[in-house]
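Asks: turn this into a structure:
(2 chains)
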Amino acid sequence: MTMPATPITVVIVDDHAIFRSGLKADLDRDILILAEAATVEEAIAAVTHHQPDVVLLDVHLPGGRGQGGREVIAGCTSLLAGTKFLALSVSDSAEDVVSVIRSGARGYVTKSISGAEISDAVRRVAGGDAVFSPRLAGFVLDAFGTAEVAVEDELDKLSARELEVMRLIARGYSYKEVAKALFISIKTVESHVSAVLRKLQLSSRHELTRWAADRRLL
Amino acid sequence: MSVKMYRTQARVVAGVCGGLAVHLGWNVRMVRGIMIGASFFFGAGIVFYGWLWLLVPLEGDAPEQGGRLLDADGNPRLALFRPAPEAFEKDNSGNSNPARKPVPLGFREVAIGGALVIAAFIIFGQQQGWDLRLGTLIPLLVIVLGAVLAWMQLDDTRRVGLLSATKMNTPIAMLRLGGGLALVITGLLVIVAGSGSWTLLWSSVVASLAVLAGVGLVLAPWALKFWSEFQSERAGHIKESARAEIAAHLHDSVLQTLALIQKSAHSPTDVTRLARAQERELREWIYQDSTHKSGALVERIKSVCAEAEDIYGQAVEVVAVGDTELTERGNALVQAVREAVLNGVRHGGTAVSVYVEATAKGVDVFVKDRGAGFDVRTVAADRLGVRESVVGRMQRNGGTAEIISSVEGTEVRLHLPYEATATEEAK
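Replies: Have a look, this model is predicted:
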């Protein structure tokens, strides 16, 4: 197996040793695992020390003040420019997903995802793009609303194109299929998804903030 | 910045400033400075300090220990996901940053310093010609000092536990209690005796009330302590019963399924099916959101998808946006979805994605599989599945069905407009 010139470096953060070893076996060979961590403190130390390209971050972690993955991202804010966080969870509750995204994660995938898919997601995140699972796209549509509404702040609404992209992702389309269905390039799909991610992180849209406040995320 | 505030163990008086500094992410010296500065504005700093002292739990106190059984969102963690107790101990020791160890500053030095500051303040005030009424001020200070002495006891007892606290077996503890009581009573007596203009009766009533209040002030920490002990005891009971419930549930469901999986280890399909069914059931149980009010439609669609999953052992992922009440036409939609999903898992033979979007205009459902696909026109006339159960059923109920199939998979698109819009169109 030939290694590319610069393999993508990864730190795996998960409190289940079995899952970590499974993930290590599943990841493609061009992805280099630098370290593993099982708690919030270990994770912050490992990420700060190794400064990997991507951190595969479990949402639920022991240690710290009980905030799990959110706390790890908060503890590594100074590294966010170089290190991307990809949230990974068995949980499909909206609270977990949106809170970790709003803390600064670049994407979210469920743990049932296949090895090829997760390697792909790691590469995508390392390349600066966002990774949305169908479920995350569903949450976005739920939080931003599917109808066209007039709002003052551009951040608070999705453009018609972004809505279309989110809908297709929610319907289970891959980025490639979305590109084909909308007659645009994959790069354009990626930039739409990144724009949505930015809005999801920064928007103060009142539905979103109220929605988050209801769930004590703020 | 941390979400929940705790008073720090690395404390000078009660750990309020340290805790506040951690909570706000400020420098602890700055917080102390602000607190002391604010004290000169009608004692605002002192009042605020006392208030936080009363209401903010000490770091590593009982409530936090309980909180560890809960996950980030306050849901009970399953025992599976809870790390061993040793891990916590390790975390705690790792947590206490050696750089922030308590400054070895004796209470005596603090008291002397504080007294000097206050004395300087009083002298300064007198030089400025303020009417400070030392006769009131000094007893008041004595009361405050007595109360502080008594209340400092509280944190010590919290640490060593209730039993040794009530035994009061250390001379220092006795001294503190006695000293606190004596100071408070003396202070109150001085105040009462100083007001000679009152009638004897009146003053004796006030005196006895004042003494009672002083005793109450000193004993309040114990009352509070008992109350919080009682509360945490009760919380412990609730947690224990919650755990028992979780254990019972895990036994009934997960352990049984695991046994079944071991038995059918030879058949990957069976294993997948059992695991999926168990996962779905467990998820439903863990993430059931009692506050979230949902209409019945999405629930129904989820249950028919679960049924398909059980029959064919293929994953059916349902993503839903919005929800609506289940009407008769909605029921027809659910049946059409069921047929489409069954077709997907049966003929597609892959995982199926279902997307439901309920908007103000109507309900859209998309069912997508990644199977080999088929040519819709070549479906034999006697194959009722697609033609009748999906397309026909949707049309009869005023909706539309569209089937797009290619070698990369098949997608069934169902649309059902709402009754109101449908009747308007009819007019």
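Asks: once you drop chain neighbours, what's closest to the residue in chain A positioned nearest to chain B?
Replies: Using Cβ to the nearest Cβ, the closest approach of chain A to chain B is made by residue A:172 at 2.6 Å. In short, each C-beta sits where N, CA and C put it, glycine included. Spatial nearest neighbour of residue A:172, chain neighbours left out: residue B:353 (2.6 Å); criterion: Cβ to Cβ, 6 or more residues apart in numbering or on different chains.
Asks: the strand or helix carrying the one you found packs against which elements?
Replies: Taking DSSP states H and E as the definition, residue B:353 sits inside strand B:352-358. With contacts defined as 3 or more Cβ pairs under 8 Å, 6 or more residues apart in numbering or on different chains; DSSP states H and E, the packing partners of strand B:352-358 are helix A:134-144, helix A:160-170, helix B:296-312, strand B:316-321, helix B:328-343, strand B:362-369.
Asks: sorry, back to before: touching, the residue of chain A closest to chain B and residue B:317? I think so.
Replies: Yes: Residue A:172 lies in contact with residue B:317 (Cβ atoms under 8 Å); the separation is 7.1 Å.
Asks: and the two? Which one has more around it.
Replies: Using other Cβ atoms under 10 Å in any protein chain shown as the criterion, residue A:172 and residue B:317 rank with residue A:172 on top: 24 against 20.
Asks: identify the residues contacting residue B:148.
Replies: residue B:13 (Cβ atoms under 8 Å, 6 or more residues apart in numbering or on different chains).
Asks: let me know the secondary structure of residue A:23.
Replies: Following DSSP: H, G, I helix; E, B strand; the rest coil, residue A:23 is assigned to helix.
Asks: next one: phi and psi at the closest residue in space to it that isn't next to it in sequence?
Replies: Sequence neighbours aside, residue A:12 is the residue nearest to residue A:23 in space, at 6.0 Å (criterion: Cβ to Cβ, 6+ apart). Dihedral pair for residue A:12: phi -100, psi 120, per degrees, to the nearest 10.
Asks: export the helices and strands packed on strand B:352-358 as CSV, with columns for distance to residue A:29.
Replies: Supplementary listing: the helices and strands packed on strand B:352-358 in CSV, determined by distance: least, Cβ to Cβ, whole Å:
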stretch, distance to residue A:29
helix A:134-144, 28
helix A:160-170, 28
helix B:296-312, 33
strand B:316-321, 29
helix B:328-343, 37
strand B:362-369, 31
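Asks: closest one to residue B:218 among the ones you listed?
Replies: For the helices and strands packed on strand B:352-358, proximity to residue B:218 was assessed by Cβ to Cβ; helix A:134-144 is nearest, at 53.3 Å.
Asks: between that closest one and helix A:160-170, how many degrees?
Replies: 140 degrees (axes from the mean of the first three to the mean of the last three Cα atoms, to 10 degrees).
Asks: now helix A:134-144: how far from the chain's centre is it?
Replies: The chain centre lies 13 Å from the centre of helix A:134-144; the measure is Cα atoms, centre = their mean, to the nearest Å.
Asks: per-domain residue ranges of the chain.
Replies: Defaulting to chain A. A:1-129, A:132-218 (automatic domain parsing).
Asks: my bad, the chain I had in mind was chain B
Replies: Following automatic domain parsing, chain B resolves into domains at B:1-105, B:132-143+B:153-288, B:290-426.
Asks: rewinding a little: need the domains of chain A in TSV with mean pLDDT and distance to residue B:126, can you?
Replies: Formatted as TSV, these follow (pLDDT from 0 to 100; distance: least, Cβ to Cβ, whole Å):
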stretch	mean pLDDT	distance to residue B:126
domain A:1-129	83	48
domain A:132-218	77	50
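Asks: closest to residue A:194 out of the helices and strands packed on strand B:352-358?
Replies: helix A:160-170 (10.2 Å).
Asks: still on that earlier bit, so in terms of bridging, what pairs with the residue nearest to residue A:172?
Replies: Residue B:353 has these beta-bridge partners by DSSP bridges: residue B:317, residue B:368.
Asks: what sits against it?
Replies: With contact taken as Cβ under 8 Å, 6+ apart, residue B:353 is in contact with A:134, A:171-172, B:316-317, B:319, B:366-369.
Asks: the lengthiest helix in chain A near chain B at all?
Replies: Ranked by residue count and defined by DSSP state H, the top helix of chain A is helix A:186-202. No: Helix A:186-202 does not reach chain B (Cβ under 8 Å from any Cβ of the partner chain); its nearest approach is 14.2 Å.
Asks: now the residue sitting nearest the centre point of chain A. Its backbone dihedrals?
Replies: Nearest residue to the geometric centre of chain A (Cα atoms, centre = their mean): residue A:107, 1.3 Å. Residue A:107 has phi and psi values of phi -180, psi 170 when expressed as degrees, to the nearest 10.
Asks: with the one 4 residues further on instead?
Replies: Its backbone dihedrals place residue A:111 at phi -70, psi -10, with angles given as degrees, to the nearest 10.
Asks: who's in contact with the nearest residue to it once chain neighbours are set aside?
Replies: Closest residue to residue A:111 apart from its sequence neighbours, by Cβ to Cβ, 6+ apart: residue A:90 at 4.8 Å. If you count contacts by Cβ under 8 Å, 6+ apart, residue A:90 has them with A:110-112.
Asks: top of those by neighbour count?
Replies: residue A:110 leads the contacts of residue A:90 on contacts (other Cβ under 10 Å) with 18 neighbours.
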